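Chemist: Fold the following, please.
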Amino acid sequence: MLESYPVLTIVPPLIAIILAIVTRRVLLSLGLGIVAAGALINEFGILGTLASIWNAFAANFYDDGAVNTGSIYIMVFLLLLGVITALILMSGGSAAFSNWAAEKIKGRRGAQTLALVLGIVIFIDDYFNALAVGQIAKPVTDKYRVARAKLAYVIDSTSAPVAVLAPFSSWGASIIGLLAPVVVASAYTGSPMQAFLGAAAANYYAIGAVVLVLLVVVFRIDLGPMRKEEARAIQLNQPYSSEDEIPGELSEELPVHDPGKIRAMVIPFVTLVIGVVGSMMITGGLEGGSWNLLDMFANTKVNESLIIGGTLGFLAALWCYWRVTSKNPDFSASVLFNGVTSGARSMLPAIAILLLAWTLGSLVGDLGTGGYLASLIEGANVSVNWLPSLLFIAAGFMAFATGTSWGSFGLLIPIAGDIMVSLNAPEHLVPAIGAVLAGAVLGDHCSPISDTTILSSTGAGCSHIVHVATQLPYAAIGGGAALIGYMILALTGSTLVGLVATLLALLAFAFVANAMTTSLELSELDEGAAA
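Modeler: Down below sits the predicted model:
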């Protein structure tokens, strides 16, 4: 069936995506997408469908004859982060940090700027960025009545976009490794590092996403559903709807030590960051046998590093908790146990969504959805000047349908290289690769089944589907501006002119949006007085 009608390979992910947006029931939508994928793979045979679904789900834990440490470590890190958050809350660290921030950070714009700066600074890995930034910034954004959806958008727009632009990140180093055979096979005269840097300059969406989130924070641009979320946060002091299921949110009231110490929050998270970054460098050096910075990040074991850093952060949080509460009889061993279990349970909704998203991604891979979309590119008859525009659109659709940027990278970067070799057009290779990277990040931002989108909502303590719905208008604007840039690139042949066109389009949007919309800010919040 699929050989005769390959277009059917895009149906299961579309079912999951459309139902998630329409029904707002993510687990049900992912489940139906999984069933549809299994049924298509087995031509609707019941036993075969059930076997495929089970095999894809079980592969999250045991795959290719070995324990799947990649998935398991991410889930364990989520549990550790939930426990760390609970310990910091109970030791009074969150309250102390929030009170300190109220003196240093003025107004809602300042609270959002904190998240923006942290998102750019912690560029080392998108998973770590998405989870860590939210946990640090959330007490401050809550205090200044910033919607959790806005925090999730800021996190998501400064995690993958920054990681894909930075050569010394887990993404950048891996992409450079992916580019090496493509560069060798082409007539491109530069090194893989030079190709990456050139592609980063042509990655209009990633650059545009960071610029756009800065404009949104500065000019207070709240569009569509985001405006509704911000209105509730400001007017009712509710950063999220009580009707939404919030991943990473503690489901019960835990005792909070008063007074708290700001070090009870700072020490665990600093330990967490140093532990993860240090572990990434050490594991990369040991794995690759080279202590060159780029080689370390190219060979790093990200998931193992998350576990090491998470364990160190947990021990630091436990030590701070003990130091603060040891002389208070109200904080008994049973209270500690209740806090630890509550923190771990708070992450279970996010883990459930991740498991189903990974299962669907595996089945979509078996269907050949990405291969079908890639074949459309290979069969297209377009001028080489317009190839970056086409690759940008194709990579966006592919990442949107599959829920992963890396699938688009792995399929379309080699295709772009092959096309440039066949056309003897090495000068077009770098912008074509930049367009693939840009489109993949765009699709990842828009997809409800993307793991980075799931983790961004988890880090911010925001309903996953609310995050998807509120981020879509901004992603569409950023994608539209990037497409304008690639069209200008096709007409002028200049990467710089295309980038300038992208940025001008975003500035024009910000100017018009700022002129047409009325800010939701309350004057007392502008002056820094949080309720």
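Chemist: send the alpha carbons of stretch 84-98 over as CSV?
Modeler: C-alpha atoms of stretch 84-98 as CSV (Å, rounded to 0.1, in the frame of the first residue of the first chain):
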residue,chain,number,x,y,z
ILE,A,84,15.8,19.3,42.9
THR,A,85,12.9,21.8,42.3
ALA,A,86,11.0,20.4,45.3
LEU,A,87,14.0,20.5,47.6
ILE,A,88,14.8,24.1,46.6
LEU,A,89,11.1,25.1,47.2
MET,A,90,11.0,23.4,50.6
SER,A,91,14.3,24.9,51.8
GLY,A,92,12.9,28.4,50.9
GLY,A,93,15.4,28.9,48.1
SER,A,94,12.7,29.8,45.5
ALA,A,95,11.1,32.3,47.8
ALA,A,96,14.4,33.9,48.7
PHE,A,97,15.5,34.1,45.1
SER,A,98,12.2,35.6,44.1
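Chemist: Show me what it is in contact with.
Modeler: 135, 139-140, 142-143, 248, 250, 254-266, 268, 272, 310, 313-314, 317-318, 320-321, 324-325, 331, 335-336, 339-340, 342-343, 346 (Cβ atoms under 8 Å, 6 or more residues apart in numbering). C-beta: built from backbone N, CA, C; applies to glycine.
Chemist: Quick one: mean pLDDT over the helix or strand containing residue 47.
Modeler: Secondary structure assignment for residue 47, by DSSP states H and E: helix 46-58. Mean per-residue pLDDT for helix 46-58: 94.
Chemist: just checking, what packs against it?
Modeler: Packing partners of helix 46-58 (3 or more Cβ pairs under 8 Å, 6 or more residues apart in numbering; DSSP states H and E): helix 26-41, helix 348-367.
Chemist: Report the mean confidence score over the longest one.
Modeler: Per-residue confidence for helix 348-367 averages out to 85 on the pLDDT scale.
Chemist: how far does the next helix or strand after that helix sit from the chain's center?
Modeler: Following helix 348-367 in sequence order, the next helix or strand is helix 369-378 (DSSP H and E). In terms of Cα atoms, centre = their mean, to the nearest Å, the centre of helix 369-378 is found 24 Å from the chain centre.
Chemist: Next secondary structure element downstream of helix 369-378?
Modeler: Downstream of helix 369-378 (by DSSP H and E), the next one is helix 387-402.
Chemist: Now do that following helix against helix 348-367, angle only.
Modeler: Here the directions of helix 387-402 and helix 348-367 differ by 120 degrees (axes from the mean of the first three to the mean of the last three Cα atoms, to 10 degrees).
Chemist: Low-confidence ranges, the chain, go.
Modeler: In the predicted model of the chain, residues 170, 242-252, 377-380, 516-531 satisfy pLDDT under 70.
Chemist: secondary structure element for the most centrally placed residue in it?
Modeler: The centre of the chain sits closest to residue 452, judged by Cα atoms, centre = their mean, with a distance of 3.1 Å. Using DSSP H and E, residue 452 maps to helix 451-460.
Chemist: From the contact counts, what lies against that helix?
Modeler: In terms of contacts (3+ Cβ pairs under 8 Å, 6+ apart), helix 451-460 is packed against helix 126-143, helix 148-156, helix 348-367, helix 429-446, helix 464-492.
Chemist: Pull stretch 386-406 out as CSV, backbone CA atoms only.
Modeler: Extracted as CSV, the C-alpha positions of stretch 386-406 are listed here (Å, rounded to 0.1, in the frame of the first residue of the first chain):
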residue,chain,number,x,y,z
TRP,A,386,16.0,28.8,-5.5
LEU,A,387,17.1,25.5,-4.0
PRO,A,388,17.7,27.1,-0.5
SER,A,389,14.1,28.3,-0.4
LEU,A,390,12.8,24.9,-1.4
LEU,A,391,15.1,23.1,1.1
PHE,A,392,13.9,25.5,3.9
ILE,A,393,10.3,24.7,3.2
ALA,A,394,10.9,20.9,2.9
ALA,A,395,13.0,20.8,6.1
GLY,A,396,10.3,22.6,7.9
PHE,A,397,7.6,20.2,6.8
MET,A,398,9.8,17.2,7.6
ALA,A,399,10.7,18.3,11.1
PHE,A,400,7.1,19.3,11.7
ALA,A,401,5.8,15.9,10.6
THR,A,402,8.5,13.8,12.3
GLY,A,403,9.0,15.9,15.5
THR,A,404,12.8,16.0,15.1
SER,A,405,15.3,18.5,13.6
TRP,A,406,17.9,15.8,13.3
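Chemist: in that stretch, what's buried?
Modeler: Buried residues in stretch 386-406, defined by neighbour count with 16 or more other Cβ atoms under 10 Å: 387-405.
Chemist: go on, stretch 273-288?
Modeler: Within stretch 273-288, the residues that count as buried by 16+ other Cβ under 10 Å are 273, 275-277, 279-285, 288.
Chemist: Residue 23: which of those residues is nearest?
Modeler: Set against residue 23, the nearest of those by Cβ to Cβ is residue 276 (36.0 Å).
Chemist: you'd agree the closest one is up against residue 304?
Modeler: No - in this structure, residue 276 is not within contact of residue 304 by Cβ atoms under 8 Å, at 10.2 Å.
Chemist: If you count neighbours, what's buried in stretch 70-81?
Modeler: 71, 73-81.
Chemist: quick one: contacts of that stretch?
Modeler: So stretch 70-81 is in contact with 60-61, 127, 131, 135, 248, 303-304, 306-307, 310-311, 313-314, 344, 347, 350-351, 354-355, 358, 458, going by Cβ under 8 Å, 6+ apart.
Chemist: Stretch 259-267 now?
Modeler: 88, 91-97, 100, 136, 139, 316-317, 319-321, 323-324.
Chemist: what about it, distance to the chain center?
Modeler: Relative to its parent chain, stretch 259-267 has a centroid offset of 28 Å by Cα atoms, centre = their mean.
Chemist: and that stretch, how far apart are its ends?
Modeler: End-to-end distance of stretch 259-267: 17 Å, with Cα to Cα, to the nearest Å as the criterion.
Chemist: what about the residue lying farthest from the centre of the chain, is that helix, strand or coil?
Modeler: Taking Cα atoms, centre = their mean, the residue of the chain most remote from its mean C-alpha position is residue 329, at 41.5 Å. Under DSSP: H, G, I helix; E, B strand; the rest coil, residue 329 falls in the coil class.
Chemist: And the helices in the stretch 201-350 of the chain?
Modeler: Using DSSP state H, counting those that start in this stretch, the helices of the stretch 201-350 of the chain run over residues 204-219, 224-236, 263-288, 293-298, 302-325, 333-345, 348-367.
Chemist: Could you figure out how far the first one is turned away from helix 224-236?
Modeler: Using the same axes, to 10 degrees, the interaxial angle of helix 204-219 with respect to helix 224-236 works out to 30 degrees.
Chemist: Buried residues, helix 204-219. List them.
Modeler: 204-217, 219.
Chemist: Between the residues you listed, which sits nearest residue 28?
Modeler: residue 209 (29.8 Å).
Chemist: can you pull the contacts of the nearest residue to residue 425 once chain neighbours are set aside?
Modeler: Distances taken as Cβ to Cβ, 6 or more residues apart in numbering place residue 384 nearest to residue 425, at 5.1 Å, with adjacent residues excluded. When contacts are counted by Cβ under 8 Å, 6+ apart, residue 384 touches 419-420, 423, 425, 428.
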